[in-house]
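In: please work out how this folds:
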Amino acid sequence: MHSNKTLLTPILASLLAMIIASAAICRQISDFNYDWKFHLGDLEQAEQSNFDDSEWRSLRLPHDWSIEEGYAPMLDLEEDQNLSVEKSENDNNLPTGIESQKGDVFRRTAASTGFVPGGIGWYRKTFEVDKADQGKHISIEFDGVYTRSKVWINGHLLGYRPNGYISFTYDLSPYLNYGGKNVIAVRADHSNYVDSRWYTGSGIYRNVRLVTKAATHIPQWGVSITTPEVTSESASVAFAVDTYSENTLNDATLELIITDSQGKKVAQSKATVASHSGISTTSSALKLSSPKLWSIDSPELYTAQINLLVGGKTIDSTTEKFGIRTAEFDSNKGFVLNGEQVKIKGVNLHHDAGAVGAAVPIDVWRRRLELLKSIGCNAIRTAHNPYAPEFLDLCDEMGFVVVAEFFDEWNEAKDKNATQLGSVDAPDSWDNGYSEYFDEWAERDLKDNIYRDRNHPSIIMWSIGNEIEWTYKYYTKAYHEVNGKVKYYEFEPNYDPAANKAAFDKVAPENDELVRIATMLAKWTRETDPTRAVTAGQVLPVVGFASGYSQLLDVNGFNYRNTEYDGAHAAYPDAKIVGSENNGNWEEWKAVADRDFVAGIFTWTGFAYQGEAGPYPKKGLNISFFDFAGFKTARGHFFECLWEEDPKVYIGTCPLADSEFRYDEEKGFSVELDTFWLRRWTWYDTRDSWNYEPGEKVVVQGYSNCEEVELFLNGKSFGKQSVWDHEDHFAKWLVPFQSGELKIVGYNNGKIADQYTLETAGALSQITLSADRKSMDANQNDVAHIELELRDKNGVRIPNADCEVTFELSGNAQLIGVDNGSEYNVQNAKADKIETYNGRALAIIQAGSDAGSVTITAKAKGITSNEIQISLAE
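Out: Numbering: from 1, shown residues only. Coordinates of the predicted model:
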């Protein structure tokens, strides 16, 4: 084997050199994330080439300065008379700095955005461009800058984008110093730090590329691939390819090559490009025999290579991955993928990822999506903004269907809170955000988003908005006009079309602004991509049907409105319905599972997220299947029992005195839920622990998809139950605490199908580390997750004796985040130490640039953990 390899090396090297040379002529895509300078704070003239940035911090992108700066409460200005507040003239009088007489500077933070600061940040990068590249098209591509970014090259302003989630590009060619020094400068303005209802991050938090192409080329996002005809025997693949030429382009052709996931060429053709200058679109189609269809269980991907030839020579080339599939919605069958009815088992996600904030490495997303897949999840709603392109690449590869959402607000703002979620109309709430830029930028942002993402097979719908009705108050008035002052979530509204139309007409203005904008957004979406459904997350669908808003959508997304499924289906039988945002409980899932006409569910949420929180130190909401660190919650175990077919059991515990359950010797269990409005979103107080006081009465919850479950304490049975006999779909036992082993056993057909055990933990004796991988590439991108547990001498995790642990790392890697999963954890996410929570912690390690290995250990209370070694390969 070695000798053959040696003989082939010169041949392979020669071929590789030819390929590289050819690619260099066509197109060069350079990773532009390296060697940036950063300064937090505003400066004059920082865009100029000769500005001195030698004292600035050096860093590599992506970068989120908010998570680096750390957490702090929003100060109550009325309580400290010694404070003065500096106001910003441009940001609705938001405090931009709070300084005491002693000179102490307090953070500018808010509950809505996770109690981290915003501000203004500057980035600069110096680079050279070869003189030989003069005459080529050289552009810079940003996947996302939060927010209100301005970009300069050599002191020339290239442009401005106020939307922090949108990808954009600028042509650098006219302003470059060829053969000399060039300076790119970026100003990110997040001084309006209460501009969102969730954590946004700040800065150049997504990837950046420098792209060098021929002057005549295929523009960014200039390739559209659709599959208009698909059967198991054949598929038609249609291409629409844009080409750009400054001068009249003659004798040009496009070469289209399709390869399958194994790299085998399966189709090829050429198409003549019409003579033109400027931008022209060339259409062509290829036929594939026996196509491998993209599906949730088998996400087959094809690669299209598109070569632009002039005079027979390739001058530009690009590749696009795509999938072949059909995706339809039916008013009676719900979601149909490749002709098969599929129930959507989805989650909503926000774009942050715990300790790394908004600058999320792809391996962090990969781990999170793998965890979601492991509990049966098959769908993602990108709440409530465009995501990074690599996230969608993963969804394509792993078999998730995606609802891609554009906006959380249109031209009317939603309330954002400084101190606590839910204090709507409170003195500390602000109503600013993207709405300020919507009228000017919505069309461009929406279309740019579609152009970028239209070839992803995972995307099945475009969502034009989320709960927009709240911002047009007459929708709420129309609802109450017919139904009275009722609780939306529990009430089944009157679905009499005539009555609702009359009520709406009574309170609405002559020209409904919501319908006007929805009409416009739906039109732009269908013009840009006629192949996918248009949807929205509707919070008052019954009013939407009366106003005509619902009819503008191909699929009606119902947010927390399972009580309306039947009424809507009866009154509007042609309407297609999906649960677009739902509480994660049995009631919500059963409402979907029992109705074929409801396409599925998107629970809120898959992972805990920062923001939409408060009061401090509650930095976010853990109302999810996995917490901030990726540890599975009780709710996650519960939904795994609902969504997965493999037998599963799980138990959680809580002292009766702390529980919402009550117990009567004759009547058994009853429940008295907390009356706080957020309770609909939260789960029961459930602990993965068997450590209590002797004799203390403990409620044990049993989750399962087995026919029967039985609980044992130290071998003594507490009886069998079926979760199907319980309204909330889980078994319950009242057990006097006794140290030892608490075990649940699941049975199918009278035989043991699965079991789960909790054991009483003793004193801290050992710290154990485990990693999700043994090797990484030395590429400064790969990430490993190190999970830590505190354990007793028997290896039982200790959930009730948390302590500070310190991670130690040696080798060519860096620690980029620590977390413990708690929504009350406001420790520095970039430190090397953290307090455990429930006996757990997480460290995230990122590879360096040199081959070798990295060693990780942890210490606490004089105890050193086992050693984790991860190899780094070139």
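In: may I see the buried residues of stretch 866-874?
Out: 868, 870, 872 (16 or more other Cβ atoms under 10 Å). No exception for glycine: its C-beta is placed from N, CA and C like everyone else's.
In: make JSON lines out of those and add distance to residue 353 and pLDDT.
Out: Formatted as JSON lines, those follow (distance: Cβ to Cβ, whole Å; pLDDT from 0 to 100):
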{"residue": "868", "distance to residue 353": "21", "pLDDT": "98"}
{"residue": "870", "distance to residue 353": "20", "pLDDT": "98"}
{"residue": "872", "distance to residue 353": "23", "pLDDT": "97"}
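In: now secondary structure too, for those, in a markdown table please.
Out: Output for the buried residues of stretch 866-874, formatted as a markdown table (DSSP: H, G, I helix; E, B strand; the rest coil):
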| residue | secondary structure |
| --- | --- |
| 868 | strand |
| 870 | strand |
| 872 | strand |
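In: and residue 67, that's in a helix?
Out: Yes: according to three-state DSSP, residue 67 belongs to a helix.
In: could you tell me the per-residue confidence at it?
Out: Residue 67 carries a pLDDT value of 97.
In: quick check: it touching residue 830?
Out: Yes: contact criterion Cβ atoms under 8 Å: residue 67 and residue 830 qualify, at 7.2 Å.
In: overlap in contacts of these two?
Out: 355, 817 (Cβ atoms under 8 Å, 6 or more residues apart in numbering).
In: the two: which has the busier surroundings?
Out: residue 67 (29 against 16; other Cβ atoms under 10 Å).
In: so what's the more buried one up against?
Out: If you count contacts by Cβ under 8 Å, 6+ apart, then residue 67 has 116, 201, 355-359, 817, 829-830 around it.
In: gap between stretch 563-578 and the chain center?
Out: For stretch 563-578, the separation from the chain centroid amounts to 29 Å (computed by Cα atoms, centre = their mean, to the nearest Å).
In: so which bits of it are buried?
Out: 563-565, 567-569, 571-572, 575-578.
In: which ones among those are found in strands?
Out: Among these, the ones falling in strands (DSSP state E) are 577-578.
In: select from the buried residues of stretch 563-578 every entry located in helices.
Out: 565, 567-569, 571 (DSSP state H).
In: before we move on, back to that, and the buried residues of stretch 563-578, which two are the farthest apart?
Out: Largest separation among the buried residues of stretch 563-578 by Cβ to Cβ: 563 and 576, giving 18.4 Å.
In: packing partners of the longest strand along the chain?
Out: Scanning the chain for the strand with the most residues, using DSSP E, yields strand 234-249. Judged by 3 or more Cβ pairs under 8 Å, 6 or more residues apart in numbering; DSSP states H and E, strand 234-249 is in contact with strand 223-230, strand 252-259, strand 265-273, strand 276-289, strand 302-310.
In: all helices for this structure, in order.
Out: Using DSSP H, helices in the chain cover 2-26, 65-69, 362-374, 389-398, 435-453, 473-483, 497-507, 513-528, 541-547, 565-571, 586-593, 634-643.
In: residue 326: which of the helices and strands packed on strand 234-249 is closest?
Out: strand 223-230 (5.1 Å).
In: what's next to the closest one, contact-wise?
Out: 235-242, 291, 293, 304, 306, 318, 320, 322, 324-326, 338, 454-455, 531.
In: show the buried residues in those.
Out: Applying 16+ other Cβ under 10 Å to the contacts of strand 223-230 flags 235-237, 239, 241-242, 291, 293, 304, 306, 318, 320, 322, 324-326, 338, 454-455 as buried.
In: please parse this structure into its domains.
Out: The record's domain parsing of the chain by automatic domain parsing lists 32-213, 223-322, 335-621, 646-759, 766-873.
In: relative to residue 640, which of the ones you listed is closest?
Out: domain 335-621 (3.9 Å).
In: I'd guessed residue 135 sits against residue 215; true?
Out: Yes: using Cβ under 8 Å, residue 135 is in contact with residue 215, at 6.0 Å.
In: compare neighbour counts for these two and give me the winner.
Out: With neighbours defined as other Cβ under 10 Å, residue 135 and residue 215 compare such that residue 215 has more, 14 against 10.
In: wait, that one touches residue 136, no?
Out: Yes: Residue 215 sits in contact with residue 136 when judged by Cβ under 8 Å, with a separation of 6.1 Å.
In: what about residue 401, neighbour count?
Out: 27.
In: ok, residue 530 to residue 190 distance?
Out: The spacing between residue 530 and residue 190, counted by Cβ to Cβ, to the nearest Å, is 36 Å.
In: more neighbours: these two, which one.
Out: residue 190 (25 against 8).
In: can you pull the contacts of the closest residue in space to residue 647 that isn't next to it in sequence?
Out: Distances taken as Cβ to Cβ, 6 or more residues apart in numbering place residue 753 nearest to residue 647, at 3.6 Å, with adjacent residues excluded. Residue 753 sits next to 647, 649, 706, 746-747 when contact means Cβ under 8 Å, 6+ apart.
In: out of those residues, which are inside strands?
Out: Using DSSP E, those in strands are 649, 746-747.
In: which one of those is nearest to residue 607?
Out: Nearest member of the ones in strands among the contacts of residue 753 to residue 607, counting by Cβ to Cβ, is residue 649, at 23.8 Å.
In: would you confirm that that closest one contacts residue 702?
Out: Yes: using Cβ under 8 Å, residue 649 is in contact with residue 702, at 6.8 Å.
In: common neighbours of the two, please.
Out: Counting by Cβ under 8 Å, 6+ apart, the shared contacts of residue 649 and residue 702 are 709, 744.
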